[in-house]
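> this one's structure only:
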Ligand SMILES: [Zn+2]
């Protein structure tokens, strides 16, 4: 099975960004990983120690690494007025080009939109890209979002998993539409057939885009706080759409903080040096508690058919 042209292009950009010194940490080395097997579902939940991420928001450290150019702050950068901190939108190309001059932006078309993919310098996995809409538009689900995820999955021959975090369900920037992609398989991909209801976070898997889109619409329609995490994986010609039911009133867990698609898919990320012990002690019971913390109130999910 050959590599698709898009997967090859993205993997080449990833290598180039490593060579450029644009990625934090050691993206070539092994990631320190622990797992906890869940006999109920066949899933081995994963704990990843990614301490390079602890400095991702520290401009001075990023400048030291040559990732961020503070000189950009003298320029007129795009700002969304709703950001209470008044920061520039770091998913807009008008911010990325002057502030992150080493970042290679790959133009893509998917689901009827134009996008720009860039390697995530605070990577969570191999070939981890953020794919932002070319236009500055809200992180809001529409059928074109799912269509774009499916296009990107197909165009990479299934090599890249594609995720979407609803605003208030792990999305860091609610006013700029974005997806993420990685070639690392997610733990949830090992979920046994027919075991959706046993997964410790409300989940349904779909093999048909129309059915998945209808289920997302039904969930969003039931309550204005309802959100979703979506993940597309599987063979290039036979995508599996994972729909995780979320609620913006429950964005975080006590032990892991804000939880997004990676955590929903079974990848628990630890990046705070002060939390090393928590990483070393993490187990299946902790995963179940964390996913219970972000589970929508009982009744809602069941009523939606989760
Ligand atoms: Zn923007």
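Structure's in. What do you need? For clarity, every value in this text was computed on a predicted model and none was experimentally measured. Residues are numbered from 1 along each chain as shown.
> which SSE is the residue in the stretch 151-300 of the chain that the ion sits nearest to in?
When scored by C-beta to the ion, the stretch 151-300 of the chain has residue 176 as its residue closest to the ion, at 3.6 Å. Just so you know, the C-beta spots here come from the backbone N, C-alpha and C atoms, and that holds for glycine as well. Using DSSP states H and E, residue 176 maps to neither a helix nor a strand.
> just the helices in the protein please.
5-19, 59-64, 93-99, 143-155, 209-222, 261-264, 276-281, 284-293, 300-303 (DSSP state H).
> Ranking those helices by mean neighbour count, which comes first?
Mean neighbour counts were compared across these using mean count of other C-beta atoms under 10 Å; the top stretch is helix 261-264, at a mean of 27.
> helices or strands next to that one in the packing?
If contacts are counted by 3 or more C-beta pairs under 8 Å, 6 or more residues apart in numbering; DSSP states H and E, helix 261-264 sits against strand 161-165, strand 226-233, strand 240-247, helix 284-293.
> hmm, try it at 7 Å
The criterion is 3 or more C-beta pairs under 7 Å, 6 or more residues apart in numbering; DSSP states H and E, and the helices and strands that helix 261-264 contacts are strand 161-165, strand 226-233.
> Can you pull up the residues of this protein that come close to the ion?
Taking C-beta under 5 Å from the ion as the contact definition, the chain meets the ion at 89, 91, 92, 136, 176.
> Between the helices of the chain, which one is closest to residue 250.
Across the helices of the chain, residue 250 has its closest neighbour in helix 284-293 (6.7 Å, C-beta to C-beta).
> For the closest one, which helices and strands make contact with it?
Contact partners of helix 284-293 among helices and strands, from 3+ C-beta pairs under 7 Å, 6+ apart: strand 32-38.
> Okay, buried residues for the strand it packs on please.
Neighbour-count burial for strand 32-38 flags 34, 36, 38 (criterion: 16 or more other C-beta atoms under 10 Å).
> Residue 175: what's it in contact with?
80, 82, 89, 138, 139 (C-beta atoms under 7 Å, 6 or more residues apart in numbering).
> can you do 6 Å?
Residue 175 makes contact with 80, 82, 138 under the criterion C-beta atoms under 6 Å, 6 or more residues apart in numbering.
> could you redo those residues as CSV and give each row distance to residue 228, pLDDT and neighbour count?
Putting those into CSV (distance: C-beta to C-beta, whole Å; pLDDT from 0 to 100; neighbours: other C-beta atoms under 10 Å) gives the following:
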residue, distance to residue 228, pLDDT, neighbour count
80, 22, 94, 17
82, 22, 93, 8
138, 15, 97, 14
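> Kindly indicate which of these lies nearest the ion.
Lowest distance from the ion to those (C-beta to the ion) belongs to residue 80, with 6.5 Å.
> Against residue 39, how distant is the residue lying closest to the closest one once chain neighbours are set aside?
Using C-beta to C-beta, 6 or more residues apart in numbering and skipping the chain neighbours, the partner closest in space to residue 80 is residue 175 (4.4 Å). Taking C-beta to C-beta, to the nearest Å as the measure, residue 175 falls 42 Å from residue 39.
> Then residue 237?
With C-beta to C-beta as the criterion, residue 237 and residue 39 are 32 Å apart.
> same deal with residue 280?
Distance check for residue 280 against residue 39: by C-beta to C-beta, it reads 22 Å.
> same check, this time on residue 191
13 Å.
> Which one's more surrounded, those two?
residue 191 (22 against 7; other C-beta atoms under 10 Å).
> you'd agree the more buried one is up against residue 45?
No: with contacts counted by C-beta atoms under 6 Å, residue 191 stays clear of residue 45, the gap being 11.2 Å.
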